[in-house]
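Participant: how would this look folded up:
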Amino acid sequence: MTRPFNHLIAGPHFARRFGRWPLCPSNPAATINDLIFARMIEPDWPALHRRFVAKDTAKIEAQRLVPALRVPETLAVIPVAELPSPQHLWERLTPFVGTDAIAKPGHASGAATFLRPARSADDVEALHALATRDYATILREMQYWRLPKTIIVETMVPVRTSGPPDDYKFHCVHGEPLLAQVDHGRFGAPWSRLLRLPDFAPMHADDGLVTPASYTLPTPERIAAMIAAARALSAPFDFVRVDLYDGADGIYFGELTFTPAAALGIAPAGQGVHRVNPTHRLYSDTLMRALNTHPARNAQALRALV
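Facilitator: Sure thing, here's the model as predicted:
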């Protein structure tokens, strides 16, 4: 799990996505994807970052920074060592089956399983398979390395209408939210768009996206509260994505994401998300400009010259 070996393993995934090998973040041509790649392959992650990566401790840290922020109630934290098979996991989840609860790996990303429609161990097989892996080995996102393997069961975020709550992802640099992405209808007909702050207008007017009739813009008060929460949660970090849910009874903490899409993400646009487009270049330029011109970045450069 060394940086050079991680680079060797993760680099080909980056090259297939972007048609080139990752650049050093200091390269003038580097994008936010290059910076994320350089960070995710670093084995030495600070303790606070890792407490925000583990899903059970993340909620504790979030409420420490923003006491008024709501978090989904934790119903159970199950050590994966106690679950040798999907059937064992199913038996542990049985008390929550048929309720508005969700089970997910506490040390990984993905395989979230809704327990109301679950019917058998077959429905938790993917969850068990991911939870038993060392997630850091998949794409070399080293903040996950050696986290305790758990499955966390928590209540669903209450919603005003049918379907999941809208997910707002604030991309922040040194405690300042610079733009947001809304994910709407994530488990049906998903729709995403990058938004300006503080008005939530489209970040790129020519992104080619059309707002679906099912999406409703939050109230100005709710928008302001989400931005304030993102600002407080991101304050300890130079770059992080703060994910918040717009719930029926308030704003809920989702997670902090330090390496979005494992450096492979492209901003949503009507031209398609599978290639770099003007929307993505605007998104990347906005973040890289803020990172490269922030006083903390300039201070680092000066110290390097001494």
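Participant: how many residues are close by residue 23?
Facilitator: 18 (other Cβ atoms under 10 Å). C-beta here means a position set from N, CA and C on the backbone, and glycine is covered the same way.
Participant: that one should be in a helix, yeah?
Facilitator: No: counting by DSSP: H, G, I helix; E, B strand; the rest coil, residue 23 is located in no helix; its state is coil.
Participant: for it, give me its contacts.
Facilitator: Contact analysis of residue 23 by Cβ atoms under 8 Å, 6 or more residues apart in numbering lists 29, 30, 31, 34.
Participant: also residue 168?
Facilitator: So residue 168 contacts 180, 181, 182, 183, 226, 243, 244, 245, 246 (Cβ under 8 Å, 6+ apart).
Participant: so of those, which ones are in strands?
Facilitator: 180, 181, 182, 183, 243, 244, 245, 246 (DSSP state E).
Participant: can you select the buried ones from those in ChimeraX?
Facilitator: Selection of buried members from the ones in strands among the contacts of residue 168 for ChimeraX, criterion 16 or more other Cβ atoms under 10 Å:
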select :180,181,182,183,243,244,245,246
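Participant: and which of the ones in strands among the contacts of residue 168 is nearest residue 98?
Facilitator: The shortest approach to residue 98 among the ones in strands among the contacts of residue 168 belongs to residue 245, at 22.6 Å (Cβ to Cβ).
Participant: tell me which stretches of the stretch 101-250 of the chain form helices.
Facilitator: 125-131, 136-139, 220-234 (DSSP state H, counting those that start in this stretch).
Participant: got a markdown table for those, with mean pLDDT and distance to residue 6 too?
Facilitator: Output for the helices of the stretch 101-250 of the chain, formatted as a markdown table (pLDDT from 0 to 100; distance: least, Cβ to Cβ, whole Å):
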| stretch | mean pLDDT | distance to residue 6 |
| --- | --- | --- |
| helix 125-131 | 97 | 20 |
| helix 136-139 | 96 | 9 |
| helix 220-234 | 97 | 25 |
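Participant: adding mean neighbour count and distance to residue 199, write these out as JSON lines.
Facilitator: As requested, the helices of the stretch 101-250 of the chain are exported to JSON lines (neighbours: other Cβ atoms under 10 Å; distance: least, Cβ to Cβ, whole Å):
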{"stretch": "helix 125-131", "mean neighbour count": "19", "distance to residue 199": "38"}
{"stretch": "helix 136-139", "mean neighbour count": "18", "distance to residue 199": "35"}
{"stretch": "helix 220-234", "mean neighbour count": "19", "distance to residue 199": "8"}
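Participant: CA atoms only for the helix or strand that contains residue 49, dumped as CSV, please.
Facilitator: Secondary structure assignment for residue 49, by DSSP states H and E: helix 47-53. The C-alpha coordinates for helix 47-53 follow below in CSV (Å, rounded to 0.1, in the frame of the first residue of the first chain):
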residue,chain,number,x,y,z
ALA,A,47,-7.2,11.0,11.9
LEU,A,48,-10.0,13.6,11.5
HIS,A,49,-10.4,12.8,7.8
ARG,A,50,-10.7,9.1,8.7
ARG,A,51,-13.3,9.7,11.4
PHE,A,52,-15.4,11.4,8.8
VAL,A,53,-14.9,8.5,6.4
